[in-house]
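>>> Take a look and give me a structure for this.
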Amino acid sequence: MNAPDTMDTLTARQAGAHRCLPTQPATPLADGAVAALIDEAMLTPKPGLVDLRGRGAHSDMDWSLMCHSARVLHPTFDALAQAGGTIPDMLTLRVRIGQIGRLGEATMLEATGGINTHRGAIWALGLLVTAAAQVPGAACPADIARRAGALARCPDGFAPVRTDNKGEAACRRYGVGGARAQAQAGFPSVIGSALPQLRASRQQGNSEITARLDCLLALIAQLDDTCVLSRGGTDALAAIQDGAAQVLRAGGAGTTSGKRALRTLDELMVGLHVSPGGAADLLAATLFLDRLQHERSN
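A predicted model of the protein is given here:
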């Protein structure tokens, strides 16, 4: 478990973290995508993940790198939003956003010295940003996710047949669908689990931090996270899924027993050297859709 910080320290760091958000004129959808990445990285205390306390189970990432990566991706999300708003043909659009996404990934890797900070988020948020741009007045997360799923199912003849990505290798080895299947199905973990948990926790009177932690835990508890599988295999995945479920059964991250269970889960992940990166990507997607619905409904 990382050494605890005081709430004043964390609050000060959160205030500083928001300064990483882009200030130049850009599309609101690109702003929202970067804000979601910043909010995900800022959320503390996350089990096994980079947050305001430290590196989690990672040895090559920290807060400043995650912030830098998010900022670097802003033009990518901007280009994706513009493509979604101007290319009506789905097949043409799918090829175009594939090109933009691969360029964005290359830009990210160059900016981070080859460290994969946000590859999965480029895929998930990229599809959702594009889908949201297609229907600028739509606010329903499920409708946007369905449209994103339709885009994900379209063929991209320029995409590599096979990559050396760890997530793809884990899908082949363990027979899971991974990020691709989650997107092609219309992000069921986001729509059916994460968003309902986020809103239920808020309705119970929990703080926004607690609600977002509970949302992340709901994702960890049921997601076949290829980031975990690639590092720890099926035993590690089962252990962290059970640990996340235990936190929620204890009343969530805001209760005394839930906080104890969350610390135990964090210690488990750090000890196993596994980090739920897939769940973190979907948390960012959840926060993006939640914010978009709020903005478009008001």
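>>> what about stretch 43-59, how long is it end to end?
Stretch 43-59 has an end-to-end distance of 19 Å (CA to CA, to the nearest Å).
>>> Going by neighbour count, which residues in it are buried?
For stretch 43-59, burial by neighbour count (16 or more other CB atoms under 10 Å) applies to 43-53, 55-58. Every C-beta, even on glycine, is put in place using the N, C-alpha and C of the backbone.
>>> Stretch 92-101 now?
Buried residues in stretch 92-101 (16+ other CB under 10 Å): 93-98, 100-101.
>>> likewise stretch 213-233?
Under 16+ other CB under 10 Å, the buried positions of stretch 213-233 are 213-232.
>>> do stretch 269-286 as well
269-270, 272, 274-286.
>>> thinking again about what came up before, include secondary structure and distance to residue 34 when you put the buried residues of stretch 92-101 into TSV, please.
Compiled in TSV, these are given as follows (DSSP: H, G, I helix; E, B strand; the rest coil; distance: CB to CB, whole Å):
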residue	secondary structure	distance to residue 34
93	helix	22
94	helix	23
95	helix	24
96	helix	21
97	helix	17
98	helix	21
100	helix	15
101	helix	15
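>>> Among those, which one sits closest to residue 184?
Nearest to residue 184 among these is residue 94, at 11.8 Å by CB to CB.
>>> Report the contact partners of that closest one.
By CB atoms under 8 Å, 6 or more residues apart in numbering, residue 94 lies in contact with 151, 154-156.
>>> next one: residue 155
91, 94.
>>> So for it, what's the pLDDT?
Residue 155 carries a pLDDT value of 94.
>>> helix, strand or coil for it?
Counting by DSSP: H, G, I helix; E, B strand; the rest coil, the backbone at residue 155 sits in coil.
>>> what's the helix or strand for residue 137?
Assessed by DSSP states H and E, residue 137 sits outside every helix and strand.
>>> if you skip the residues just before and after it, what's nearest to it?
residue 296 (6.9 Å; CB to CB, 6 or more residues apart in numbering).
>>> Is it correct that that neighbour is in contact with residue 140?
No - using CB atoms under 8 Å, residue 296 is not in contact with residue 140, being 9.1 Å away.
>>> In contact with the closest residue to residue 289 other than its chain neighbours: list those residues for me.
By the measure of CB to CB, 6+ apart, the closest residue to residue 289 outside its immediate chain neighbours is residue 141, 4.0 Å from it. Neighbouring residues of residue 141 by CB under 8 Å, 6+ apart: 190-191, 195, 289-290, 292-293.
>>> what about 10 Å?
128, 132, 187, 190-191, 194-195, 285-286, 288-290, 292-293 (CB atoms under 10 Å, 6 or more residues apart in numbering).
>>> May I see those residues arranged in a markdown table, with distance to residue 243 and secondary structure as well?
What follows is those, written out as a markdown table (distance: CB to CB, whole Å; DSSP: H, G, I helix; E, B strand; the rest coil):
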| residue | distance to residue 243 | secondary structure |
| --- | --- | --- |
| 128 | 28 | helix |
| 132 | 33 | helix |
| 187 | 24 | coil |
| 190 | 21 | helix |
| 191 | 24 | helix |
| 194 | 17 | helix |
| 195 | 22 | helix |
| 285 | 22 | helix |
| 286 | 20 | helix |
| 288 | 26 | helix |
| 289 | 26 | helix |
| 290 | 25 | helix |
| 292 | 31 | helix |
| 293 | 30 | helix |
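>>> which one of those is nearest residue 202?
If you rank the contacts of residue 141 by distance to residue 202 using CB to CB, residue 290 comes first, at 9.8 Å.
>>> How about the contacts made by that closest one?
36, 39, 141, 190, 194-195, 198-199, 202, 211-212, 215.
>>> May I see those residues arranged in TSV, with secondary structure, pLDDT and distance to residue 182 as well?
What follows is the contacts of residue 290, written out as TSV (DSSP: H, G, I helix; E, B strand; the rest coil; pLDDT from 0 to 100; distance: CB to CB, whole Å):
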residue	secondary structure	pLDDT	distance to residue 182
36	helix	98	16
39	helix	96	20
141	helix	98	15
190	helix	98	8
194	helix	98	11
195	helix	98	14
198	helix	98	17
199	helix	98	20
202	helix	98	24
211	helix	98	22
212	helix	98	19
215	helix	98	16
